[in-house]
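> Curious how this folds, go ahead:
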Amino acid sequence: MKQTRVLVMDDHRLFVETLAVRLAMEPDIEVLPVAHDIRGMLAIAKTGRPDVVVLDLMLGPTSAVGALQDLLDRCPDARVIFLTGAQDISLMVQAVRSGAVGWVPKSVGADQLIRVIRTVALGGGYIPARSLAELLRRLTMGDEVAEAEHRLASLTQRERQVLGCMVDGLGRSQIAESLGVSVNTARTHTQNLLNKLEVHSALEAISLAMRAGLRPSMPAA
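Numbering: from 1, shown residues only. The predicted structure is shown next:
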């Protein structure tokens, strides 16, 4: 029986080690040493030559999507699955554009993840059915939308939350209250995201966010 070499990376040690034990119970899966960060993942990938890599999307405040090209440079034949609790379609689009072939919610059971691993190892892919139509729509949009999504991908998870509040029309004090932070912290996050997005005002940031597909989450009054 041909075994599929699988590399798993997650910064939650108990989770990733438990997952590795479960995967190793399958006779057709060989689990490589687990990785807890991007540097460790790249080192293991270089020597272990995984067939499938299962990555946690968010590593603290940053996204692992940016490491995908480095991984594929080392292992061009590897099939990459993001295992995540995030539901941000923009991040999904960025991951697929960067070379990922799978996007699996962390809410699924181990048996489902194993089925996805086997599917992608055979050349297939996996996107949750509820997200597939929107993903395809985004992938066929023009360069302007792609550029907006690319710029948003540079934001941390907290900065994306602040931007979402801005799209909802919240002022700085309301953002602070909504996120449970001080007004000064909300101001700092706002300035950081404006700098990263290379815009000069909240209005420009909101316009860019809406081009990337963000929509108000609260009904208009």
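
> Tell me which residues touch the residue positioned nearest the centre of the chain, please.
The chain has L57 as the residue nearest its centroid, 3.8 Å off, counting by CA atoms, centre = their mean. By CB atoms under 8 Å, 6 or more residues apart in numbering, the contact set of L57 is 63-65, 82-86, 91, 95. For glycine as for every other residue, the C-beta is placed from the backbone atoms N, C-alpha and C.

> Narrow those to those in helices?
Of the positions in those, 91, 95 sit in helices, assigned by DSSP state H.

> Show me which of the contacts of L57 is closest to E204.
L91 (21.4 Å; CB to CB).

> can you count the residues close to that closest one?
L91: 23 surrounding residues under other CB atoms under 10 Å.

> Then R130?
9.

> Which secondary structure state does it sit in?
Three-state call for R130 (DSSP: H, G, I helix; E, B strand; the rest coil): helix.

> quick one: pLDDT of it?
Note on R130: pLDDT of 84.

> where's it relative to V96, distance?
Distance of R130 to V96, computed by CB to CB, to the nearest Å: 16 Å.

> hang on, the earlier thing: can I get the buried part of the contacts of L57 as one PyMOL selection?
The PyMOL selection below is limited to those of these classed as buried (16 or more other CB atoms under 10 Å):
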select buried, resi 63+64+65+82+83+84+86+91+95
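
> just the contacts of L57 now: which is nearest V104?
L83 (5.1 Å).

> Quick check: the closest one vs A146, distance?
Taking CB to CB, one finds L83 at 25 Å from A146.

> Then A100?
Counting by CB to CB - A100 and A146 are separated by 16 Å.

> again, but for I38
Computed as CB to CB, the I38 to A146 distance reads 24 Å.

> Low-confidence ranges, the chain, go.
In the predicted model, the chain carries pLDDT under 70 at residues 1, 59-63, 141-143, 218-221.

> Regarding it, what is its longest helix?
helix 183-197.

> which other helices and strands contact that helix?
helix 143-152, helix 157-167, helix 172-179, helix 202-211 (3 or more CB pairs under 8 Å, 6 or more residues apart in numbering; DSSP states H and E).

> Not counting its own residues, what contacts it?
151-152, 154-155, 158-159, 162-163, 166, 172-173, 175-176, 179, 181, 200-202, 204-205, 208.

> Report the angle between that helix and helix 172-179.
100 degrees (axes from the mean of the first three to the mean of the last three CA atoms, to 10 degrees).
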